[in-house]
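[1] Turn this into a model:
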Amino acid sequence: MTRAFVALGSNLEQPAEQIRAALAALATLTDSVLLRHSSLYRTAPVGYLEQPDFINAVAEIDTALSPHALLAELQALETRFGRERSFRNAPRVLDLDLLYYEGVELDDPALTLPHPRMHERAFVIFPLAEIAGAVTLGALGQVAALAARLPEAGIERLPAA
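    Just a heads-up that it's a prediction; the model follows:
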């Protein structure tokens with residue numbers, strides 16, 4: 001089994017409920033175990049700004065799936081939730097990004113690991129730091145140090161439901 005981290009995001013159709021349902025669905029992934037997840041965070045959109053705020057979280061899983069097989073499972077889950085890919089940074093019911101797969105560095109047309117922009121995104125790094133601050137993401141560095149470099153403006157940790 002290998003540890004992996006998955007970012008979750010939603011800004012349509014009751015986003016907090018979408019994230020909670022997606023976390024429950026992650027617990028049922030083939031050959032995988034959901035170990036823990038962060039709190040939910042409200043964040044402003046990035047890229048295309050004319051859309052509602054997002055609800056984000058990060059989950060830690062243990063998996064026997066290969067990185068590409070895990071990505072396929074995540075994409076199938078997005079589709080099951082009604083994800084439509086109309087344009088880059090569009091509003092979405094569910095977005096699942098494979099952030100990190102322990103011990104693997106990869107750069108191919110389908111998947112780059114660690115995720116190439118996660119260290120720039122507070123909506124990823126703050127939830128990740130909540131559950132895995134001591135983890136080192138290869139050349140990117142330690143999660144807690146990455147979080148310390150990002151501004152906290154525009155991200156709000158939501159109270160537990």
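[2] Please, which helix or strand holds the most far-flung residue of the chain relative to its centre?
    Here the chain reaches farthest from its C-alpha mean at E50, the gap being 21.6 Å by CA atoms, centre = their mean. Secondary structure assignment for E50, by DSSP states H and E: no helix or strand.
[3] From V104, how far out is it?
    E50 sits 36 Å away from V104, going by CB to CB, to the nearest Å. From N, CA and C alone the C-beta is placed, and that goes for glycine too.
[4] What of A148?
    Counting by CB to CB, the separation of A148 from V104 is 25 Å.
[5] what does stretch 98-107 rub up against?
    2-7, 58, 67, 70-71, 74, 111-115, 118, 124, 128, 135, 137-138 (CB atoms under 8 Å, 6 or more residues apart in numbering).
[6] What subset of the residues you listed is buried?
    Among the contacts of stretch 98-107, those buried by neighbour count (16 or more other CB atoms under 10 Å) are 2, 4-7, 58, 67, 70-71, 74, 111, 113-115, 118, 124, 128, 135, 137.
[7] Which of those residues fall in helices?
    If you go by DSSP state H, these have 67, 70-71, 74, 124, 128 in helices.
[8] how deep is A57 tucked in, by neighbour count?
    26 (other CB atoms under 10 Å).
[9] Quick check, it in contact with Q18.
    No. Counting by CB atoms under 8 Å, A57 does not reach Q18; the two are 10.6 Å apart.
[10] Remind me which helix or strand the closest residue to A27 other than its chain neighbours belongs to.
    Nearest residue to A27 in three dimensions, chain neighbours excluded: L34, at 4.0 Å (CB to CB, 6 or more residues apart in numbering). Using DSSP H and E, L34 maps to strand 32-37.
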